[in-house]
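In: The following comprises the amino acid sequence and a computationally predicted model.
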Amino acid sequence: MTSLKILQSGDWHVRDKDIDECRKVLGFMVDYAQTKTGGLDLIVITGDLTDRADVKLDSATARLVMDTVSELSYVAPVAICSGTRSHDGNIPEMMEHVKSYCPVFVATQPEQAFLTDAGEFVASADMEGYASHRALISFIPTPTKQYLQGEGSIEDADRAIGDAMTSIFAAFGQEARGQGLPHILIGHWQVGGCYVSETQQLTGRDIEISVEQILSAQPTVTCLGHIHHAQQIGSHPIFYSGSAYSKTYGEMSPKGFYIHEIRDGEPLASEFIEGPARKLYRKAFDLTSGAQLLTGGDNLLDTPPPGELDNAAVRIEFHVWQDEKGRVDKAEIEKLYLSAGAASVDVRIIPVPRQNARAQRVLEVK
C-alpha cells in the first residue's frame, strides 16, 4: 500500500525588511516538520521563496532561505517549483549552495520526475535501474510567453498560453494514467474562482487556469502557490497554502501550511496548520464625506469581534479636510484599539485640501 505524507508551503516572500517575522514563521514550520508524528515523505515548496529577484547570496534573506531549505532536507526530499520571475529570479542558483541531506529538486519549466523509494528525484527517461518508485511529480511554474514562440496582441498571447497549458496538463495526465502512482502536481498560477480573502474572489488579474485543465492531469493532489489566501478550490484536491506571513496591511487570514496524506483506496486527507504569523489590520475612514467622528465610545470606530485584533499590528487612516485635522484624537483612537487587543496602533491623518466652487469651475474650463 502506498502511503505519502506531504508538507505543502510556498510564497515565503522572504525579505530583509521583515526578516524577523520570516524567521519566526519559517522556524515554526521547520520545527513542525522535524517533530511530525510518523514523519514526512515529501516537502513541496510552491514558489516565491524571496520577495525580489536580485537577492544577493550574502544577504540575510538568502541565508534564511537556504538555511530553511537545508533544514527541511534533513526531514524529507524537497521539491521546489519556481514562482514569478520578479520574485524567484535567482532561486535555482541559490539552491546550488544549500547543504542538503535528502535531494532538493528545483523546476524552472514544465517537467515531470519520479520520487523513488530511495527518496531521489529521477526523470522518466532515466528510470532504468530503479526497481520501484513512490510517486510521479509534475511541475508547472508560472505560465509565461516562454512557453511558446510567436507574436501577437496580449489577448492572442494569453489565448496561446492557455492552449499550451491545456496540452501540458493533458500530456502530464496521460503519463500519470500509465503509472498507477500517486500524482503530485505542483504549480504557481491563478485558478479561476480562487479567493484572495474569505469573501473576495479574484478575477481577471493573471492568466487563469481552469479547474477542468488541472483535473485533466489526473492529480492525486495539486499544490499551488501565487495566491496568498490559504484555501481548497471547491471539493477538488487543489490547494493553495497561502503566504507564510502577512506582507501588507489588510491581510488578516490565517497563515501556515498544509499537510496532505495519501493512502491507497482512501480519500485524500488534508489539514491546514496555522503558524504564528502576525496580523496586519487596516481600516480607512473618509471624514470629508460628512461622516461624524466621535471619541470616547459610541462612534464609527467599530472594532472587530473579540479576539480578531489579538497581537495584530493596526493601521488606521483618516482622510480629513486640511482645516479639520483637530477632529481626530489620535491618543483616544490608539487607546481604543489597544484595549481591543492590538499589539501596536499606527494612526495616520491624511489632510485633504479644500477647493472652492470658483476654483473648481476654472479647472473644468476647456
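Out: Everything's here; your move. The shown structure was predicted, so the numbers you read here are calculated from the model rather than taken from an experiment.
In: From now on I want contacts and neighbour counts done on CA atoms only, so please keep to that.
Out: Fine.
In: any idea of the mean pLDDT in stretch 47-54?
Out: Stretch 47-54 carries an average pLDDT of 91.
In: which parts of it are buried?
Out: By 16 or more other CA atoms under 10 Å, the buried positions in stretch 47-54 come out as 47, 48, 49, 50, 51, 52, 53.
In: Now do the end-to-end distance for that stretch.
Out: This stretch, stretch 47-54, spans 15 Å end to end (CA to CA, to the nearest Å).
In: So which residues make contact with that stretch?
Out: Residues outside stretch 47-54 that contact it (CA atoms under 8 Å, 6 or more residues apart in numbering): 10-15, 61, 65, 80-91, 141, 187-188, 225-226.
In: Just the buried residues from those residues, in PyMOL please.
Out: Burial among the contacts of stretch 47-54 is assessed by 16+ other CA under 10 Å; the matching PyMOL selection reads:
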select buried, resi 10+11+12+13+14+15+61+65+80+81+82+83+84+85+87+88+89+90+91+141+187+188+225+226
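In: follow-up on the earlier one: tell me which of the buried residues of stretch 47-54 is nearest to residue 233?
Out: Set against residue 233, the nearest of those by CA to CA is residue 47 (18.7 Å).
In: three-state assignment of residue 142?
Out: At residue 142 the chain is in coil, as set by DSSP: H, G, I helix; E, B strand; the rest coil.
In: Next, it: phi, psi?
Out: Main-chain dihedrals, residue 142, degrees, to the nearest 10: phi -50, psi 130.
In: Ok, residue 193 next?
Out: phi 90, psi 0.
In: With residue 225 instead?
Out: phi -120, psi 170.
In: Can you name the residues that contact it?
Out: 10, 11, 46, 47, 48, 83, 187, 188, 189, 240, 241, 242.
In: Tell me where the model's unsure across the protein.
Out: Residues of the chain meeting the criterion pLDDT under 70: 1, 125-131, 144-160, 162, 197-206, 265, 290-303, 355-366.
In: Just the helices from it, written as ranges.
Out: 19-35, 60-73, 85-88, 91-95, 154-177, 211-215, 330-339, 357-364 (DSSP state H).
In: JSON lines for those helices, including distance to residue 269?
Out: Output for those, formatted as JSON lines (distance: least, CA to CA, whole Å):
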{"stretch": "helix 19-35", "distance to residue 269": "17"}
{"stretch": "helix 60-73", "distance to residue 269": "22"}
{"stretch": "helix 85-88", "distance to residue 269": "30"}
{"stretch": "helix 91-95", "distance to residue 269": "30"}
{"stretch": "helix 154-177", "distance to residue 269": "20"}
{"stretch": "helix 211-215", "distance to residue 269": "18"}
{"stretch": "helix 330-339", "distance to residue 269": "39"}
{"stretch": "helix 357-364", "distance to residue 269": "62"}
